[in-house]
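Undergrad: okay, here's the prediction I keep looking at, along with the sequence it came from:
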Amino acid sequence: MRAEITRSLGAVLAAAAVSLWPATGQAWEPTKTVEFIVPAGTGGGADQMARAIQGIIAKHGLMKEPMVVINMSGGAGAEGFLNVKGAKGDPHKLIITLSNLFTTPLATGVPFNWRDLTPVKMMALDEFVLWVNAETPYKTAMEYVDACKKMGAGKCKMGGTGSKQEDQIITAAIEQRTGAKFTYIPFKGGGTVAVQLVGKHIDSTVNNPIEAVAHWRGGKLRPLCVFDEKRMPYNQKMTSTMSWHDIPTCKENGLDVSYLMLRGIFMAGGVTQEQVDYYVKLLEKVRHTPEWTALMDKGAFNQMSIEGKEYADWVAKAEAEHVALMKAAGFLAGSK
């Protein structure tokens, strides 16, 4: 009897000891604060999306550890990219990307390439809209462009985020297609760009919808066209008379320019597939919240979302397209 009791007690103690150890094969998850790097200034589209993701994760308790958003906009985003590049193997860093993923290294020669990072997930594609101050008489894109041509080279001021970045690439494409010549004025973030247009310090912008929507709804700005192949699908009225869908494509207006921007998530290089999978699943949970749906509606995003090889292949293709665009604009490092 005593031996039997001893054997039973031993079995219980062994079971208890096993329960104190993490189960083998338990899925990876963060063990400390996750830094979410934004390689751009505050108030812009990337910053707003990063902070929305952070807020959704916190509100719904989707991650045990906290997440903190850190803006690293120096050198047109190079500061942020080099920070994450230097954190090889660290699964507690994420970075949200925009077109400076391609444009910054191409324009500056900074020692960084997207392949230094690990693709996690495309969250959406961002639109670009040609905006003017609502007090101007222009109702279509070509009305505005033709007026700028008549004023003379450099008379119209186009505001944008950064030099030789996506806003200036679109501006250069407009010039190449139409013969108009703008004076391009760079600012630190899309939020600032919109404010400058409201104040009439510039004549136009190609801001993302989310960066200008509040001023549009407030009657301060007017959208002329969207730089996409098709109209945005959002039919809810944003003003008393217009929805996002009511904005024509630039091609409909006779301005043959289109451009979409990546809103995607990357990790540092050298992380494991298990760690990548954790964030893929986390971000997919984010996408299925009502707050994310509201963000997509507010910002009129193209809601394409992909991961894995499909995402990496998309990024590689986009890089090649940016090389061509920047070469045509004379924006590549070393170009005269």
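TA: Thanks, I have the structure now.
Undergrad: break down this protein into its helices, ranges please.
TA: 2-19, 45-60, 78-85, 100-108, 141-151, 166-178, 190-198, 209-217, 273-287, 290-299, 308-329 (DSSP state H).
Undergrad: find the residue closest to Ile57 in space, skipping its chain neighbours.
TA: Met63 (5.2 Å; C-beta to C-beta, 6 or more residues apart in numbering). C-beta: built from backbone N, CA, C; applies to glycine.
Undergrad: these two touch, right, Arg287 and Leu62?
TA: No. Arg287 is beyond contact range of Leu62, at 11.2 Å (criterion: C-beta atoms under 8 Å).
Undergrad: point out where this structure drops to low pLDDT.
TA: 1-25, 335-336 (pLDDT under 70).
Undergrad: pull the longest strand from it.
TA: Longest strand in the chain, counting residues (DSSP state E): strand 117-126.
Undergrad: helices and strands around that strand, which ones?
TA: helix 45-60, helix 78-85, strand 93-97, strand 261-268, helix 273-287, helix 308-329 (3 or more C-beta pairs under 8 Å, 6 or more residues apart in numbering; DSSP states H and E).
Undergrad: what separates that strand from the chain centre, distance-wise?
TA: 8 Å (C-alpha atoms, centre = their mean, to the nearest Å).
Undergrad: just want the angle from it to helix 209-217.
TA: Interaxial angle, strand 117-126 versus helix 209-217 (axes from the mean of the first three to the mean of the last three C-alpha atoms, to 10 degrees): 30 degrees.
Undergrad: tell me the angle strand 117-126 makes with helix 290-299.
TA: Using the same axes, to 10 degrees: strand 117-126 against helix 290-299 is 60 degrees.
Undergrad: so who does the closest residue to Ala87 other than its chain neighbours touch?
TA: Excluding the flanking residues, the one nearest Ala87 by C-beta to C-beta, 6+ apart is Ala268, at 4.4 Å. By C-beta atoms under 8 Å, 6 or more residues apart in numbering, the residues touching Ala268 are Val84, Lys85, Ala87, Lys88, Gly89, Asp90, Pro91, Lys93, Leu117, Thr118.
Undergrad: those residues: which two are farthest apart?
TA: Spatially, the most separated pair among those is Lys85 and Pro91, at 14.8 Å (C-beta to C-beta).
Undergrad: just send the helices of the chain back as TSV, with mean neighbour count and distance to Lys32 too.
TA: Shown next, in TSV, are the helices of the chain (neighbours: other C-beta atoms under 10 Å; distance: least, C-beta to C-beta, whole Å):
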stretch	mean neighbour count	distance to Lys32
helix 2-19	9	24
helix 45-60	20	15
helix 78-85	21	16
helix 100-108	23	26
helix 141-151	19	49
helix 166-178	21	34
helix 190-198	23	31
helix 209-217	21	31
helix 273-287	17	13
helix 290-299	16	25
helix 308-329	15	26
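Undergrad: in TSV: those, plus distance to Gly159.
TA: Below are those laid out as TSV (distance: least, C-beta to C-beta, whole Å):
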stretch	distance to Gly159
helix 2-19	61
helix 45-60	15
helix 78-85	22
helix 100-108	17
helix 141-151	14
helix 166-178	8
helix 190-198	5
helix 209-217	11
helix 273-287	31
helix 290-299	19
helix 308-329	17
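Undergrad: which one of these lies nearest to Pro248?
TA: helix 141-151 (8.1 Å).
Undergrad: ok, and what's touching the closest one?
TA: Counting by C-beta under 8 Å, 6+ apart, 130, 132, 136-138, 155-156, 174, 178-182, 203-204, 224-225, 250, 253-255 sit against helix 141-151.
Undergrad: if we go to 10 Å?
TA: Contacts made with helix 141-151 from outside it, assessed by C-beta atoms under 10 Å, 6 or more residues apart in numbering, are listed as 130-132, 136-138, 140, 154-158, 174-175, 177-182, 203-204, 222-227, 248-255, 257.
Undergrad: picking that back up, list residues touching both of Arg287 and Leu62?
TA: Common neighbours of Arg287 and Leu62 (C-beta under 10 Å, 6+ apart) are Ile53, Ile56.
Undergrad: quick revisit: just the buried ones among the contacts of helix 141-151, please.
TA: Among the contacts of helix 141-151, those classed as buried by 16 or more other C-beta atoms under 10 Å are 130-132, 136, 138, 140, 156-158, 174-175, 178, 180-182, 203-204, 222-227, 248-251, 253, 255, 257.
Undergrad: of those, which belong to strands?
TA: Reading strands off the buried ones among the contacts of helix 141-151 with DSSP E, I get 130-132, 156-158, 182, 204, 222-226.
Undergrad: can those residues go into a markdown table with extra columns for distance to Val276?
TA: Listed next are those as a markdown table, based on distance: C-beta to C-beta, whole Å:
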| residue | distance to Val276 |
| --- | --- |
| Leu130 | 37 |
| Trp131 | 37 |
| Val132 | 43 |
| Cys156 | 45 |
| Lys157 | 43 |
| Met158 | 39 |
| Phe182 | 42 |
| Ser204 | 40 |
| Arg222 | 43 |
| Pro223 | 37 |
| Leu224 | 41 |
| Cys225 | 38 |
| Val226 | 33 |
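Undergrad: just these now: which is nearest Pro30?
TA: Val226 (37.7 Å).
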